[in-house]
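J.: following is a predicted model, sequence given first.
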Amino acid sequence: MITTLLPSVSEAQKKPVKHLTYQDLDILHALRGFCAFYVVVFHAKFILWCGGSQYLQMHPRSTWNIFDYFVFSLDMLSSAGYEMVIFFFTLSGFFIRYAQLRKHRQPLAFYVNRIVRVYPPYLFSVLLACGVLVLAATLAPQVMSSDSKRELSSSLQEAWQQLSAFNLRNLVQVFTFQKNGQLYNGYNEVYWSLLPEALFYLGVPLFFWRIKWYYSLSALIYAASFLNYPGATSNNSLIDYFVVYNFYFALGVALYDLVLHTKWLDVMRRSSGKLLALACLVLFGMILGTAFADIKILSGLFAALLAFLSISALLAGKVSPRNWLIRSTRYIGIRSFSLYLYHFPLLILCYIGLVWLTGDLVFYQRYYWLAVVLVTLVSVGLYRVTERLSVEFFRKM
């Protein structure tokens with residue numbers, strides 16, 4: 001259990017606590033970048049290429065050569081998009097615990113900080129997504145054709161119908177991160193993760209006020225759900241959060257306390273870097289296997305454990321901050337929220353452009369790798385004029 005890893009409050013009070021600094025945590029932005037970029041590739045494959053099962057129906061394996069197997073294997077490596085969001089939940093719990101202990105905010109100040117941080121780029125992404133739907137209906141209405149066998153076509157058609165009938169109730173759904181039927185208004189499927197994140201933020205002042213109770217209840221509820229819950233999620237957002245998602249945030253919170261109050265990082269520093277890398281690869285393989293099998297209760301747990309191990313390894317200095325991969329993913333990580341919010345409608349925009357140029361619905365052509373690069377670059381540009389400007393504006397105020 002989480003609580004058994006941590007010292008008692010009285011023990012922690014016996015000696016002064018040395019908090020981690022922003023410089024210590026800077027390398028962890030690389031993990032943010034990796035998660036966000038992975039999700040971009042995951043969605044690009046769905047929007048511009050299509051699902052693996054449909055691909056196998058169109059191109060039976062009996063017709064493949066060695067190169068086909070190799071390329072398809074690369075395609076399948078990005079099949080754990082949901083799990084990378086769970087990874088991000090654990091990372092988010094770690095950062096929020098750090099931020100609140102370094103500079104404690106009273107509940108109202110904490111909520112205002114989170115609202116200012118989340119809503120400006122989020123609302124811009126909603127407008128962007130709605131604008132893309134208008135372009136789809138205007139320039140390439142065939143992408144919404146009911147005759148198409150693509151799941152994307154029916155979803156775009158439904159999203160356009162919803163947007164055409166937009167009302168006050170839908171506006172409330174937008175501000176509360178709620179679905180409109182089966183889809184989110186504007187059709188940006190990344191929004192599913194914003195409500196669990198918001199519920200975590202809402203509970204932070206209470207959770208951190210009685211942190212030991214928070215750890216114990218989080219572990220007990222998750223353990224009970226692991227044994228008895230019929231699936232990873234239900235149709236009730238509140239139940240999903242408290243029964244499943246909250247545990248992933250709690251694990252990140254607990255990791256920060258573990259780093260702060262114990263010799264955990266010393267243990268990690270003494271551990272073999274090769275063994276840690278192997279453990280991470282094994283966990284990633286287990287994530288992919290359970291993701292393919294659609295066992296989300298297991299794949300989510302493996303993703304949270306991978307986050308726990310990866311955060312620990314980076315903080316212990318097992319990878320150099322000057323490593324080219326760390327530096328590139330760190331750059332993306334600082335802009336990861338914008339990339340996460342904007343990439344889905346931008347990928348649809350790429351798809352619309354292809355259909356408009358070619359006149360055909362694009363199936364199983366690997367244009368999605370080019371789209372990943374374009375969307376990442378555009379999202380970075382949009383970060384500068386949306387998220388970054390809003391943060392700087394509210395800091396001045």
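T.: Ah, there it is.
J.: in the chain, which residue is closest to the centre?
T.: Geometric centre of the chain, nearest residue: residue 85, 2.8 Å, by CA atoms, centre = their mean.
J.: what sits closest to it if chain neighbours are left out?
T.: Spatial nearest neighbour of residue 85, chain neighbours left out: residue 193 (4.9 Å); criterion: CB to CB, 6 or more residues apart in numbering. All C-beta atoms are positioned from the backbone trio N, CA, C, and that covers glycine.
J.: thinking the one you found is in contact with residue 87, fair?
T.: No. Using CB atoms under 8 Å, residue 193 and residue 87 do not qualify as a contacting pair, with a distance of 11.2 Å.
J.: have a look at these two and say which one is more surrounded.
T.: Between residue 193 and residue 87, counted using other CB atoms under 10 Å, the more crowded position is residue 87 (30 against 19).
J.: in a strand, the more buried one, correct?
T.: No. Counting by DSSP: H, G, I helix; E, B strand; the rest coil, residue 87 is not found in a strand; it is helix.
J.: could you check the pLDDT of it?
T.: We have a pLDDT of 98 for residue 87.
J.: residue 149 too?
T.: 71.
J.: assumed it was part of a strand.
T.: No. Under three-state DSSP, residue 149 sits outside any strand and is assigned coil.
J.: I'd like to know how many residues surround it.
T.: A count of neighbours around residue 149, defined by other CB under 10 Å, yields 13.
J.: what's the distance between it and residue 58?
T.: Distance of residue 149 to residue 58, given as CB to CB, to the nearest Å: 10 Å.
J.: residues contacting the residue nearest to residue 85?
T.: By CB atoms under 8 Å, 6 or more residues apart in numbering, residue 193 lies in contact with 85, 88-89.
J.: what's the answer for residue 74, then?
T.: Listed by CB under 8 Å, 6+ apart, the contact set of residue 74 is empty.
J.: just the helices in the stretch 101-250 of the chain please.
T.: Assigned by DSSP state H, counting those that start in this stretch, the stretch 101-250 of the chain shows helices spanning 107-139, 151-164, 168-175, 194-209, 211-228, 237-240, 246-261.
J.: what packs against the third one?
T.: Helices and strands in packing contact with helix 168-175 are not found; criterion 3 or more CB pairs under 8 Å, 6 or more residues apart in numbering; DSSP states H and E.
J.: quick one: that helix to chain centroid distance?
T.: 23 Å (CA atoms, centre = their mean, to the nearest Å).
J.: next, the angle from that helix to helix 151-164.
T.: 120 degrees (axes from the mean of the first three to the mean of the last three CA atoms, to 10 degrees).
J.: give me the buried positions along helix 168-175.
T.: Residues of helix 168-175 classed as buried by neighbour count (16 or more other CB atoms under 10 Å): 173-174.
J.: what lies in contact with that helix?
T.: Helix 168-175 is contacted from outside by 123, 126, 162, 178-180, 184-186, using CB under 8 Å, 6+ apart.
J.: what of the fourth one?
T.: By CB under 8 Å, 6+ apart, the list of residues contacting helix 194-209 from outside reads 89, 92-93, 96-97, 100, 106-107, 110-111, 114, 118, 122, 176-178, 214, 237-238, 240-241, 245-246, 249-250, 253.
J.: buried ones from these, can you make that a PyMOL selection?
T.: In PyMOL syntax, the buried subset of the contacts of helix 194-209 is picked out as below (16+ other CB under 10 Å):
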select buried, resi 89+92+93+96+97+100+110+114+118+122+177+178+214+237+240+241+245+246+249+250+253
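J.: quick one, phi psi at residue 60?
T.: Dihedral pair for residue 60: phi -60, psi 150, per degrees, to the nearest 10.
J.: separation between it and residue 82?
T.: On the measure of CB to CB, residue 60 and residue 82 end up 28 Å apart.
J.: likewise residue 271?
T.: Distance from residue 271 to residue 82, by CB to CB: 29 Å.
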